[in-house]
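In: sequence-free structure coming up:
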Ligand code: C2O
Ligand code: CU
């Protein structure tokens, strides 16, 4: 198999945005980080050298890591962190996956600046007909003027309070709606009449985003590196951890001499909370014949695309998600389990705890927020669960994650404060035999939370067989599941005050993190994990740990 080698040096780099200069944690001094481009089937070896006085790990988000869980990356789940001055080579083979994914640091909130695109070129031609002129990565992120470690510490200490970033970014650029940022604006050149594949990635820490390009429609062809039935839309909704490939045809006539159309991203929230409601914009610039290269943002005023949904447009978000379907063709069949051997129902949501004495808390009613799944607020152990599992050390974790909510929640209740007080801090994982056909129903408890929880599963893709609002009804809702062409992905945005049912074939032995991809919620404990035991065949076990695996 062909091998592709990359060197990732973790290092500080002085970066200026919004007139603030600060040391940013980067890979090779790049922000966003380098794009990894490989072919389907390649072996990938990324040598990560840590040159900063911080621990770190890197995660290849959405890569299945078949039998190579040691290369997955989440700290204390599959490995211990790479310490200062240390090196670890992530070594894995990308089997039967093609499309757009992302990589990012998986330690603390380092993803704030340590992230990049992961592009897998397919072996077979694209299943859509339009000839693609060029591939354009569009990566959303967030910029903080403050030190992100400080933001994270404050959020943990006070259990709430403002965590908003100072800007959303496209490819690291905030765009001209933010102070001092006209020069930091994405100008993407296109040729009239040509079709482009936009590889859109949401690497933001805490926000789902709407994205639209003025006067242009987008044809969705792939999500999370899985082809979809193409559909055309005026805008997309994308949650942190998700990727969406869309075709864009430059078929408009630019209205003015600049030849530019605004592209814009802003958050999707279900109510107007005091979060960042700002908008990042860039420009699509049509090449004109008498061009002298003027890749400068035009001067204000800037008119936002009329097809960009307003911040509180749940109808658009719901309708968009409901249109996603697996391609389900002969070449790309949809392998959704038609029946399952196990159904786990878990709440996902925020909890409140009393504030420690002599401390101020910034959660709700002077209390502090935690977050949990089935009231288990996840605590990372001090040795990776994968090592404990592999070496059969029965310490640091338990394999008894509760398979039902601890009591009946009123999920859509008005003030479920009392019910949300009983969080247990634990490291309980679900353990299943190799090959188990598993259903997990994720039930949002709708507690003071204006955002969908984007739940991400490591090591496996899953099928979203159902989603809805209100309480999941185990007697009625499964009858409405889509078992024909449900969307397949690695991250599902569970609707606020609603639920999503996902089906997984647990065919990847190892230990896999499941968590909310809003970094704040993960820090508060909205996470669990599942252990897939080895199967009877020799090809159904985890490979032994690499010799350079970082020690704890
Ligand atoms: Cu993209 Cu566990 O994360
Ligand atoms: Cu969440």
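Out: Sure thing, it's come through. Predicted model, so just to flag it, every value in this text is computed and none were measured. Ligands and ions are numbered 1, 2, ... in the order given.
In: contact residues of the stretch 351-500 of the chain facing ligand 2?
Out: Contact residues, the stretch 351-500 of the chain versus ligand 2 (Cβ under 5 Å from the ion): residue 453. Yep, even glycine has a C-beta here, placed from its N, CA and C like the rest.
In: which parts of the stretch 351-500 of the chain are helices?
Out: Ranges of helices within the stretch 351-500 of the chain are 385-390, based on DSSP state H, counting those that start in this stretch.
In: next one: the chain
Out: 148-158, 314-323, 385-390, 519-523 (DSSP state H).
In: longest strand of the protein?
Out: Ranked by residue count and defined by DSSP state E, the top strand of the chain is strand 3-17.
In: please work out the average pLDDT along that one.
Out: Averaging pLDDT along strand 3-17 gives 98.
In: mean pLDDT for the helices of the chain: which is lowest?
Out: helix 148-158 (a mean of 90).
In: for that one, packing partners?
Out: helix 519-523 (3 or more Cβ pairs under 8 Å, 6 or more residues apart in numbering; DSSP states H and E).
In: any part of the helix it packs on near ligand 1?
Out: No - Helix 519-523 stays clear of ligand 1 (Cβ under 6 Å from any ligand atom), getting no nearer than 7.6 Å.
In: contacts for that helix?
Out: With contacts defined as Cβ atoms under 8 Å, 6 or more residues apart in numbering, helix 519-523 is touched by 109, 111-112, 152, 155-156, 163, 205-206, 240, 350, 371, 453, 515-516.
In: number of residues surrounding the closest residue to residue 222 other than its chain neighbours?
Out: Spatial nearest neighbour of residue 222, excluding adjacent residues (Cβ to Cβ, 6 or more residues apart in numbering): residue 245 at 3.8 Å. For residue 245, the neighbour count with other Cβ atoms under 10 Å is 27.
In: so residue 245 touches residue 196, yeah?
Out: No - using Cβ atoms under 8 Å, residue 245 makes no contact with residue 196, being 10.6 Å away.
In: any idea of the pLDDT on residue 497?
Out: 88.
In: number of nearby residues for the nearest residue to it once chain neighbours are set aside?
Out: Sequence neighbours aside, residue 446 is the residue nearest to residue 497 in space, at 3.9 Å (criterion: Cβ to Cβ, 6+ apart). If you count neighbours by other Cβ under 10 Å, residue 446 ends up with 24.
In: per-residue pLDDT, residue 446?
Out: 75.
In: any idea how far residue 471 is from it?
Out: Here the criterion is Cβ to Cβ, to the nearest Å. By it, residue 446 lies 10 Å from residue 471.
In: what bridges to the residue of the chain found nearest ligand 1?
Out: Of all residues in the chain, residue 61 sits closest to ligand 1, at 3.7 Å by Cβ to the nearest ligand atom. For residue 61, the beta-bridge partners are residue 102 (DSSP bridges).
In: got it, and residue 373?
Out: residue 348, residue 376.
In: burial count for it?
Out: Neighbours of residue 373 (other Cβ under 10 Å): 28.
In: ranges for the strands of the stretch 201-350 of the chain?
Out: 209-213, 218-223, 226-233, 236-238, 243-249, 260-267, 280-286, 342-353 (DSSP state E, counting those that start in this stretch).
In: adding mean pLDDT, write these out as a markdown table.
Out: Formatted as a markdown table, the strands of the stretch 201-350 of the chain follow (pLDDT from 0 to 100):
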| stretch | mean pLDDT |
| --- | --- |
| strand 209-213 | 98 |
| strand 218-223 | 98 |
| strand 226-233 | 98 |
| strand 236-238 | 98 |
| strand 243-249 | 98 |
| strand 260-267 | 96 |
| strand 280-286 | 95 |
| strand 342-353 | 92 |
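In: okay, the residue positioned nearest the centre of the chain: pLDDT?
Out: Among the residues of the chain, the one closest to the centroid is residue 241, at 1.0 Å (Cα atoms, centre = their mean). In this model, residue 241 is scored at 98, pLDDT.
In: cool, and residue 367?
Out: 85.
In: just the buried residues out of the contacts of helix 519-523, in PyMOL syntax.
Out: Applying 16 or more other Cβ atoms under 10 Å to those, the buried members can be selected in PyMOL as follows:
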select buried, resi 109+111+112+152+155+163+205+206+240+350+371+453+515+516
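In: so who does the residue lying closest to residue 532 once chain neighbours are set aside touch?
Out: Once flanking residues are discounted, residue 532 sits nearest to residue 506: 4.5 Å by Cβ to Cβ, 6+ apart. Residues near residue 506 by Cβ under 8 Å, 6+ apart: 432-438, 460, 530, 532.
In: just flag the most distant two among these.
Out: 433 and 460 (14.6 Å; Cβ to Cβ).
In: about what we covered before: the residue nearest to residue 497 contacts residue 347, correct?
Out: No - assessed by Cβ under 8 Å, residue 446 is found out of contact with residue 347, at 10.0 Å.
In: in the sheet, who's paired with residue 424?
Out: residue 376.
In: kind regards, and thank you for your time.
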